[in-house]
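Undergrad: sequence first, predicted coordinates after that:
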Amino acid sequence: MNINFTLFSQAMAFAIFIWFTVKFVWPPLMRAIESRQKTIADGLAAGERGRHELELASHRSADVVREAKQRATDIIAQAEKRASQIIEEAKVAAKDEGSRILVGAKAEVEQEVFRAREALRQQVADLAVAGASKILRREVDSRTHADLLTSLKAEL
Amino acid sequence: MASSVELTPTSYMNHHLTNLTGSLGDGPFWTVHIDTMVMSVLLGIISFGFLWWVVRGATSGVPSKRQAFIELSIEFIDDQVKSTFHGDRHAFVAPAALTVFVWVLMMNAMDLLPIDIMAGFYELLGLHNWRSVPTTDINTTFALALSVWLLMIFFNIKVKGLDGWIHELVCTPFGKNPLLWPVNILFNLVEYVSKPLSHSLRLYGNIYAGEIIFLLIGMWAATGLAGTLFGTLLGAGWAIFHILIITLQAFIFMMLTVVYLSMAHESH
């Protein structure tokens, strides 16, 4: 057990090895480890985010489906209402149209009746005038007795 | 064991416990234990070169098995440092702890080499005295402990300033009262002396004692066939137990290094 210069040589070797480790061994490995840790942490965070987004999306899609269903029932109800409304309107219009046609027909009938009657009267007057002229012969001049004949026609 | 001297238990022990020395100058101080130096520097170059080689090709993607093993070891040490040292450990303390652990572990592990076979191998290389385990040389453990001790003082001064450190030496742990100053100084002196002593001698004692026991077990081979077989069993058992000791001692040495350095960073 003798202390000698070996001690100082060993201390120098120790110092060199510490320097080497501090400089060349520790930092690159720590960098590699830390960057891998970061990658893993990022990956985990991304996974978590993806799961969260999936959850949100499924919520949103459920909302959309529910809304679509709601709108569909609304549209159907509206359509039904509209249909019955149209039917009602059509009924009313048909009724109006019918009554109008009826009124027109009635007026036409009346007109026809009036016309027929007029023609009839004309014919009767003509007949009467013809009869009378046959009876009276020359005594009746159609030109001189025109006013008489006209008033007779109107009376018939 | 191709020794020229007569083979006695004492000569056997001496042969295994003598360093190969060289001298850089006059006087016993300038002696260098060549075996200790070569073995420790070689082990350091092999282990830190391996670490460097793996780390140089380190990827932040999917690691290879080799990289995963290194990462596992380094993260184990990093966790130990994190629980003790509160500060920027990546700047110095954690890599220093890694250096201490790996190097001491490798030097201790040389204890598991079969001593007599290795002695025969070194004899072939023309090296009569060659100790394989650098940590059984008190110079190595003292060098490590004193380096840590100097780092401790360096960080004390760096973190607290020279006046802060002196204030701590004079006024802690008992109080600011001038009457207590001598007691404080004495207390701190004892602490500063005992730290490197216990730090280095714990490692040295454990590994040296382990080697002595390997040598004692090796001597069973001198008692005949039954003794050789018995010695083999004992040697295997002790080697298996020694795996625990070399790892534990390396770990303790590293933890004490971290504790001393983190104590230097914390003011009372």
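TA: That came in fine, so what should we check first? Numbers count the residues shown, from 1 in each chain, chains lettered A, B, ... in the order given.
Undergrad: for residue B:112, give me its contacts.
TA: B:239, B:242-243, B:246 (Cβ atoms under 8 Å, 6 or more residues apart in numbering or on different chains). C-beta here means a position set from N, CA and C on the backbone, and glycine is covered the same way.
Undergrad: what's the answer for residue B:220, then?
TA: Here residue B:220 is in contact with B:227-228, B:230-231, B:234 (Cβ under 8 Å, 6+ apart).
Undergrad: show me where pLDDT drops low in chain A?
TA: Filtered on pLDDT under 70, chain A yields the residue ranges A:1, A:137-144.
Undergrad: so which elements touch the lengthiest helix in it?
TA: Ranked by number of residues, the top helix in chain A under DSSP state H is helix A:26-136. Here helix A:26-136 touches helix A:146-155, helix B:34-56, helix B:65-84, helix B:93-109, going by 3 or more Cβ pairs under 8 Å, 6 or more residues apart in numbering or on different chains; DSSP states H and E.
Undergrad: now the angle from that helix to helix B:93-109?
TA: On the basis of axes from the mean of the first three to the mean of the last three Cα atoms, to 10 degrees, helix A:26-136 is oriented at 130 degrees to helix B:93-109.
Undergrad: can you pull the pLDDT of residue B:163?
TA: Looking at residue B:163, its pLDDT reads 91.
Undergrad: so it is in which element?
TA: helix B:138-171 (DSSP states H and E).
Undergrad: what helices or strands is that helix leaning on?
TA: helix A:6-20, helix B:34-56, helix B:93-109, helix B:181-218, helix B:225-265.
Undergrad: tell me the most buried of these?
TA: Highest mean neighbour count among these (mean count of other Cβ atoms under 10 Å in any protein chain shown): helix B:93-109, with a mean of 25.
Undergrad: which SSE is immediately downstream of that one?
TA: Defined by DSSP H and E, the subsequent element after helix B:93-109 is helix B:115-124.
Undergrad: packing partners of that next one?
TA: Helix B:115-124 packs on helix B:9-16, helix B:181-218, going by 3+ Cβ pairs under 8 Å, 6+ apart.
Undergrad: average pLDDT for the helix or strand just after the shortest one?
TA: This means helix B:9-16. On the C-terminal side of helix B:9-16, the closest following helix or strand by DSSP H and E is strand B:21-23. What strand B:21-23 shows for mean pLDDT is 84.
Undergrad: mind listing residues that contact strand B:21-23?
TA: Contacts of strand B:21-23 (Cβ under 8 Å, 6+ apart): B:30-34.
Undergrad: most neighbours, which of those?
TA: Top of those by neighbour number is residue B:33, holding 27 neighbours under the definition other Cβ atoms under 10 Å in any protein chain shown.
Undergrad: contacts only, for that residue.
TA: Residue B:33 neighbours (Cβ under 8 Å, 6+ apart): A:4, A:6, B:19-21, B:131, B:137, B:139.
Undergrad: before we move on, what about residue B:159?
TA: So residue B:159 contacts B:264-265, B:267 (Cβ under 8 Å, 6+ apart).
Undergrad: and it, what pLDDT?
TA: pLDDT, residue B:159: 91.
Undergrad: mind checking how far it is from residue B:266?
TA: 8 Å (Cβ to Cβ, to the nearest Å).
Undergrad: gap between the residue nearest to residue B:66 when sequence neighbours are not counted and residue B:47?
TA: Distances taken as Cβ to Cβ, 6 or more residues apart in numbering or on different chains place residue B:54 nearest to residue B:66, at 5.6 Å, with adjacent residues excluded. Separation of residue B:54 from residue B:47 (Cβ to Cβ): 11 Å.
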